[in-house]
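Q: everything below, folded, please.
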Amino acid sequence: MSRSEAELGGVTLLGSNGTKYADRYAPEVLETFKNKHPENEYLVTLNCPEFTSLCPKTGQPDFAKIVIQYIPREDMVESKSLKLYLFSFRNQGDFHEDCVNIIMKDLIRLMDPRYIEVRGIFTPRGGISIYPFANYGDQEHQDMARRRLLDAMNSNN
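A: Got it, this is the predicted structure:
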């Protein structure tokens, strides 16, 4: 069940030799491809262990693993564009909680998933670890969203 060239029309970054890395927050680099199985509910997990951003007050770098899980509808995020998007936070000054919520909201706008969650596992600074978690569920997944939020609140990561 290979994808046709028409199905890959919106995927421009994958396979490109001229990859450019943004030096500012760049949600416009995100690309999608069509889900070939929209009738199935299944979970996609994206593990991004090299996320960096800047403290908005001190400008010091923050490092994290970002874990994104979603149940797709029609559109899915293309992984190279996601990598470039996450890289664009490198010079972005935002608190950990802001980064996680911005990522989630941008992916909701991009894909309109049935369910999505974004977890940030930030490296400790000043002896404190911060693990923000944000999620969203459409009308059919509201109970799941509440359960997952409670699970996140009760876990020790």
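
Q: buried residues, the longest helix along the chain. List them.
A: Taking DSSP state H as the criterion, the chain has its longest helix at helix 96-111. Neighbour-count burial for helix 96-111 flags 96, 99-104, 106-107, 110-111 (criterion: 16 or more other Cβ atoms under 10 Å). In this view, the C-beta of every residue, glycine as well, is placed from N, C-alpha and C.

Q: isn't residue 44 right up against residue 75?
A: No. Taking Cβ atoms under 8 Å as the definition, residue 44 is not a contact partner of residue 75, at 11.6 Å.

Q: neighbours of residue 69, just the number please.
A: Residue 69 is flanked by 17 other residues according to other Cβ atoms under 10 Å.

Q: circling back to that earlier point, what's the average pLDDT for the longest helix of the chain?
A: In this model, helix 96-111 carries a mean pLDDT of 98.

Q: ok, residues contacting it?
A: With Cβ atoms under 8 Å, 6 or more residues apart in numbering as the test, helix 96-111 has contacts from 27, 30, 32, 51, 53, 62, 64, 66, 68, 70, 72-73, 75-77, 85-86, 89, 92, 94, 113, 116-120, 122, 130, 132-136.

Q: are any of those buried, and if so which?
A: Judged by 16+ other Cβ under 10 Å, buried ones among the contacts of helix 96-111: 30, 32, 51, 53, 62, 64, 66, 68, 70, 72, 75-77, 85-86, 89, 92, 94, 113, 116-120, 122, 130, 132-136.

Q: could I get the buried residue list for stretch 134-152?
A: For stretch 134-152, a neighbour-count test (16+ other Cβ under 10 Å) marks 134-138, 141, 144-145, 148, 152 as buried.

Q: what does stretch 30-47 give?
A: In terms of neighbour count (16+ other Cβ under 10 Å), stretch 30-47 has its buried residues at 30-33, 35, 44, 46.

Q: what average pLDDT does stretch 57-68 get?
A: 94.

Q: using JSON lines, lay out the buried residues of stretch 30-47 together with pLDDT and distance to residue 22.
A: JSON lines is the format used below for those (pLDDT from 0 to 100; distance: Cβ to Cβ, whole Å):
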{"residue": "30", "pLDDT": "97", "distance to residue 22": "11"}
{"residue": "31", "pLDDT": "97", "distance to residue 22": "14"}
{"residue": "32", "pLDDT": "97", "distance to residue 22": "18"}
{"residue": "33", "pLDDT": "96", "distance to residue 22": "21"}
{"residue": "35", "pLDDT": "97", "distance to residue 22": "26"}
{"residue": "44", "pLDDT": "98", "distance to residue 22": "24"}
{"residue": "46", "pLDDT": "98", "distance to residue 22": "19"}
